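Colleague: Output the structure for:
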Amino acid sequence: MKTQIFKVDSDNIDNTVIGKAADIIKSGGLVAFPTETVYGLGGDGLNPSASVKIYAAKGRPSDNPLILHISDLSQLSPLVSEIPENAKKLAREFWPGPLTMIFKKSDAVPKETSGGLNTVAVRFPENRIAQALIRAGGTPIAAPSANTSGRPSPTRASHVEFDLSGKIDMIIDGGACEFGLESTIVDVSGEVPCLLRPGSITLEMLREVLGRVDVDKAVVSKLDTGELPKAPGMKYTHYSPSADVVIVRGDRDKMVHKINELISQVESSLKIGVIATEENKDRYKNCEVLVIGSIKEPGTIAANLFKMLRKCDYHKIDKVFAEGLCEDELGLAIMNRLKKAAGYCIIEV
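Modeller: Presented below is the predicted three-dimensional model:
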């Protein structure tokens, strides 16, 4: 299969390209497209065979549910059996935007899309290209991140091309994604809303709107063996470069000292990388420093995280040490992804 790639300007959308992409979606094909979070790999969310193709293209386990993307609130009710009041409050505050909600699903949603669960994940993205594609396709679009399963999520079209060229029909290149982390996921299907995946809509922001919001244990630790994931990214290894990743976390000076000590212990034949903040970038020696952003601006760290993890592969790095962050506000989402990339290998100092 030859993958077509088209550039589209979100401020001046080329409807001819969108029309071609929509025809692919309608015919059961796959199109990668930008959102404000990461690039998505889209197929007709109500077509079981399209969902099967998504799993195959990514090499993704079929019990890992997909997210349905809509372009208008009117598209929600046919997909779900009920819309709880908590969901209405969150939709008023954060849709369109980087928030996914888990609902009890209707019979319209095939089990292939929901990962066999009786719930469905739904998002109304803010990105104008994504909205245009969903409207033109005339169907909710099922779209996980457009990467090989387990790899860092794609925040640029070049990342998608590297992973999936020849496996999908089209890539819409809409430039770099704004937020760089996948959407926040909140389960609103139960009595108490529960955070399943942190993101740019932080736990603090959710609690400002709803009051009580619980946090699923999978946000900070691994799921138990045999436990079904309730949402994308909860169970399997994610975001990993080829290199081994180790997080070092604690007091800033002690953290830097420990990373330098660890670097000195790695055999000389291996190439070492350090994922470091702007504030510490000049404090490491005998390694390649990958500057992720500033502690003062956590949004820069979120936007660059997956790009830096992919750079580890581009630079053929064998061992990566990453600075840990405080797990509050946006730091919870950043550390959630970094822990998964490191396989929960963390050194506390």
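Colleague: Where does the prediction get shaky in the stretch 1-150 of the chain?
Modeller: Nowhere does the stretch 1-150 of the chain drop to pLDDT under 70.
Colleague: for it, what spans make up the strands?
Modeller: 4-7, 31-33, 40-44, 67-69, 99-104, 119-123, 141-142 (DSSP state E, counting those that start in this stretch).
Colleague: repeat for the stretch 201-349 of the chain
Modeller: When secondary structure is read from DSSP E, counting those that start in this stretch, the stretch 201-349 of the chain shows strands at 214-215, 244-249, 272-277, 288-293, 319-323, 346-348.
Colleague: Can you list the neighbours in contact with the fifth one?
Modeller: Contact partners of strand 319-323, identified using Cβ atoms under 8 Å, 6 or more residues apart in numbering, comprise 241, 243-249, 255, 259, 262-263, 266, 270-277, 280, 287, 292, 312, 338, 341-342. C-beta here means a position set from N, CA and C on the backbone, and glycine is covered the same way.
Colleague: at 6 Å instead, please
Modeller: Contacts to strand 319-323, defined as Cβ atoms under 6 Å, 6 or more residues apart in numbering, come from residues 243-248, 259, 262, 266, 270, 272-277, 312, 338.
Colleague: As JSON lines, the strands of the stretch 201-349 of the chain with distance to residue 178 would be great.
Modeller: Output for the strands of the stretch 201-349 of the chain, formatted as JSON lines (distance: least, Cβ to Cβ, whole Å):
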{"stretch": "strand 214-215", "distance to residue 178": "25"}
{"stretch": "strand 244-249", "distance to residue 178": "25"}
{"stretch": "strand 272-277", "distance to residue 178": "20"}
{"stretch": "strand 288-293", "distance to residue 178": "14"}
{"stretch": "strand 319-323", "distance to residue 178": "23"}
{"stretch": "strand 346-348", "distance to residue 178": "29"}
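Colleague: now for those strands, which one comes closest to residue 161?
Modeller: Taking Cβ to Cβ, strand 288-293 is the member of the strands of the stretch 201-349 of the chain nearest to residue 161, at 21.3 Å.
Colleague: Partner strands of that closest one, with direction?
Modeller: strand 272-277 (parallel) (DSSP bridges).
Colleague: Contact partners for the closest residue to residue 313 other than its chain neighbours?
Modeller: Once flanking residues are discounted, residue 313 sits nearest to residue 241: 4.9 Å by Cβ to Cβ, 6 or more residues apart in numbering. Listed by Cβ under 6 Å, 6+ apart, the contact partners of residue 241 are 309, 312, 313.
Colleague: List buried members of these by neighbour count.
Modeller: Buried by 16 or more other Cβ atoms under 10 Å: 309, 312, out of the contacts of residue 241.
Colleague: Looking at the contacts of residue 241, which are in helices?
Modeller: Among the contacts of residue 241, DSSP state H puts 309, 312, 313 in helices.
Colleague: The strands of the stretch 1-150 of the chain: which one's closest to residue 206?
Modeller: It is, among these and with distance given as Cβ to Cβ, strand 99-104, at 8.6 Å.
Colleague: Just want the angle from the closest one to strand 119-123.
Modeller: Calculated by axes from the mean of the first three to the mean of the last three Cα atoms, to 10 degrees, strand 99-104 forms an angle of 150 degrees with strand 119-123.
Colleague: Show me what counts as buried in strand 99-104.
Modeller: 99, 100, 101, 102, 103, 104.
Colleague: closest to residue 178 among those residues?
Modeller: Checking those against residue 178 by Cβ to Cβ gives residue 99 as the nearest, at 14.2 Å.
Colleague: Hmm, residue 248 and residue 345 touching each other?
Modeller: No: using Cβ atoms under 6 Å, residue 345 makes no contact with residue 248, being 10.0 Å away.
Colleague: More neighbours: which of the two?
Modeller: Legend: neighbour count by other Cβ atoms under 10 Å for residue 345 and residue 248, higher for residue 248 (22 against 13).
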